[in-house]
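Chemist: Provide a 3D model corresponding to the input given below.
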Amino acid sequence: MFFTSLLIQIFKPYMHISDLVSGIMMMKDVVNSGVSIYNIGVDTKSDVTSIANIICEEMNLKDVQYNYTGGNIGWKGDVPSFDYCLDKIHSVGWSAKNSSDEAVRRTVKEVLNRKHHKKL
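Modeler: All right, here's what the predicted structure looks like:
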């Protein structure tokens with residue numbers, strides 16, 4: 001069970017590197033000339049507590065108590081939530097394969113796996 005000291009209202013879209021590379025590789029073939037701007041991103045968001053829970057789950061940590069700082073909107077100058085408009089990139093057939101939470105989980109697993117292999 002996880003404990004929180006206050007409600008954090010920070011939600012952001014996180015993207016796995018494989019989705020970013022996939023989008024860039026597809027777009028290099030779609031845009032023929034000139035300048036054309038496309039946002040590459042995910043349709044979902046992860047909140048701070050979900051990210052902490054994923055890290056704890058993947059590290060098999062139990063009874064972790066979270067201590068939030070920065071109030072309910074994060075540190076000074078932070079943007080608590082935002083969206084990318086993905087309509088344009090979706091219109092050419094690209095979308096991320098991983099949700100924001102899946103991207104966080106995959107990244108945590110990859111980092112932990114890499115650390116484990118370095119110890120061997």
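
Chemist: which residues of this structure fall in strands?
Modeler: Under the criterion DSSP state E, the chain contains strands at 11-12, 46-47.

Chemist: Which of the ones you listed has the highest mean neighbour count?
Modeler: Mean neighbour count (mean count of other CB atoms under 10 Å) peaks for strand 46-47 among those, with a mean of 20. Bear in mind the C-beta positions are built from the backbone N, C-alpha and C, glycine included.

Chemist: What is that strand packed up against?
Modeler: Judged by 3 or more CB pairs under 8 Å, 6 or more residues apart in numbering; DSSP states H and E, the packing partners of strand 46-47 are strand 11-12, helix 100-119.

Chemist: pLDDT on the last one, on average?
Modeler: Right, the one you point to is helix 100-119. Helix 100-119 shows a mean pLDDT of 89.

Chemist: Which residues does it contact?
Modeler: 12-17, 19, 42, 44-46, 50-51, 54-55, 58-59, 96, 98 (CB atoms under 8 Å, 6 or more residues apart in numbering).

Chemist: Emit the ChimeraX select command for whichever of those residues are buried.
Modeler: To isolate the buried ones among the contacts of helix 100-119 in ChimeraX, judged by 16 or more other CB atoms under 10 Å, type:
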select :12,13,14,15,16,19,42,45,46,51,54,55,58,96,98
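
Chemist: Mind checking which of the contacts of helix 100-119 land in helices?
Modeler: Among these, the members falling in helices (DSSP state H) are I17, D19, S50, I51, I54, I55, E58.

Chemist: Would you mind giving those as a markdown table with pLDDT and distance to N67 added?
Modeler: Converted to a markdown table, the ones in helices among the contacts of helix 100-119 look like this (pLDDT from 0 to 100; distance: CB to CB, whole Å):
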| residue | pLDDT | distance to N67 |
| --- | --- | --- |
| I17 | 97 | 29 |
| D19 | 98 | 32 |
| S50 | 95 | 17 |
| I51 | 95 | 15 |
| I54 | 98 | 18 |
| I55 | 97 | 14 |
| E58 | 97 | 20 |
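
Chemist: mind checking how far the residue most central in space within the chain is from V92?
Modeler: Within the chain, the residue whose C-alpha comes closest to the C-alpha centroid is Y14; the distance, by CA atoms, centre = their mean, is 1.7 Å. Going from Y14 to V92 by CB to CB, to the nearest Å gives 23 Å.
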